[in-house]
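Student: just a sequence and a predicted model for now, questions to come.
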Amino acid sequence: MTVHITNTDDRLINCIYVGGNKFGDQLEAFLKASDKNILAIDISKTMPTDTQWHDIAKELNISLKALIDTKKIDGFNSDTNYSEEGLVKILAQNPDALDGAIIMEGDRIAHVKQYTDVLKFYDVDSAGLEKTFHTEDPTTSSTTEKDNFI
């Protein structure tokens, strides 16, 4: 399976994630609820190539280490300065250590750690979802030109 790092189809959301855990299951359900086509890549079943991981990190402007939850890897030495190639191999051997997921659509890419972060790819405002009702009033009116409130 090929991962498209820069996909020109604005109606296709590429998601690289780990299935079989609470976050992965919630993320998959959240994506399926959208009106967009989804290419969900569960890395416990299909691992992107080394080049694709390097391209993802480059597009995100981060080190691959930022994508890895090192607490999930037995024997990981956080004091060691791993090369990017070494980090790809660590991720390939420990797919469950992917921290969050990678979401791509058109020329947009994001490393998400909460499934609600996917809202950025729905072209909607979260309408106050980031606020807690006991501390702040939710936003219930349009904040951008594209918002439609009923």
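Tutor: In hand now; what should we look at?

Student: contacting residues around the closest residue to Ala66 other than its chain neighbours?
Tutor: Leaving aside its sequence neighbours, Ala66 sits nearest to His111 (CB to CB, 6 or more residues apart in numbering; 7.2 Å). C-beta here means a position set from N, CA and C on the backbone, and glycine is covered the same way. His111 makes contacts with Leu60, Ile62, Ala66, Leu67, Gly100, Ala101, Ile102, as judged by CB atoms under 8 Å, 6 or more residues apart in numbering.

Student: any low-confidence regions in this protein?
Tutor: 1-10, 123-150 (pLDDT under 70).

Student: what's the farthest-apart pair in the contacts of His111?
Tutor: Farthest apart among the contacts of His111 by CB to CB are Ile62 and Ala101. That separation is 14.1 Å.

Student: now the buried members of the contacts of His111.
Tutor: Among these, those classed as buried by 16 or more other CB atoms under 10 Å are Leu60, Leu67, Gly100, Ala101, Ile102.

Student: what's the separation between Ala57 and Val112?
Tutor: 15 Å (CB to CB, to the nearest Å).

Student: one more: Ser34?
Tutor: Counting by CB to CB, the gap from Ser34 to Val112 is 14 Å.

Student: for the residue nearest to Ala66, list each beta-bridge partner.
Tutor: Beta-bridge partners for His111, by DSSP bridges, are Ile102.

Student: state the distance from it to Ala57.
Tutor: Using CB to CB, His111 is found at 9 Å from Ala57.

Student: so what sits against both of these two?
Tutor: Ala66, Leu67.

Student: chain neighbours aside, what residue packs nearest to Arg108?
Tutor: Phe121 (6.9 Å).

Student: ok, now which ones touch the closest residue to Gln26 other than its chain neighbours?
Tutor: In this structure, Gln26 finds its nearest non-sequential neighbour in Tyr115, 4.6 Å apart by CB to CB, 6+ apart. Residues in contact with Tyr115 (CB under 8 Å, 6+ apart) are Phe23, Gln26, Leu27, Phe30.

Student: any idea how far Lys89 is from Tyr115?
Tutor: Taking CB to CB as the measure, Tyr115 falls 28 Å from Lys89.

Student: would you mark the buried spots in stretch 37-47?
Tutor: So, applying 16+ other CB under 10 Å, buried residues of stretch 37-47: Leu39, Ala40, Ile41, Asp42, Ile43, Met47.
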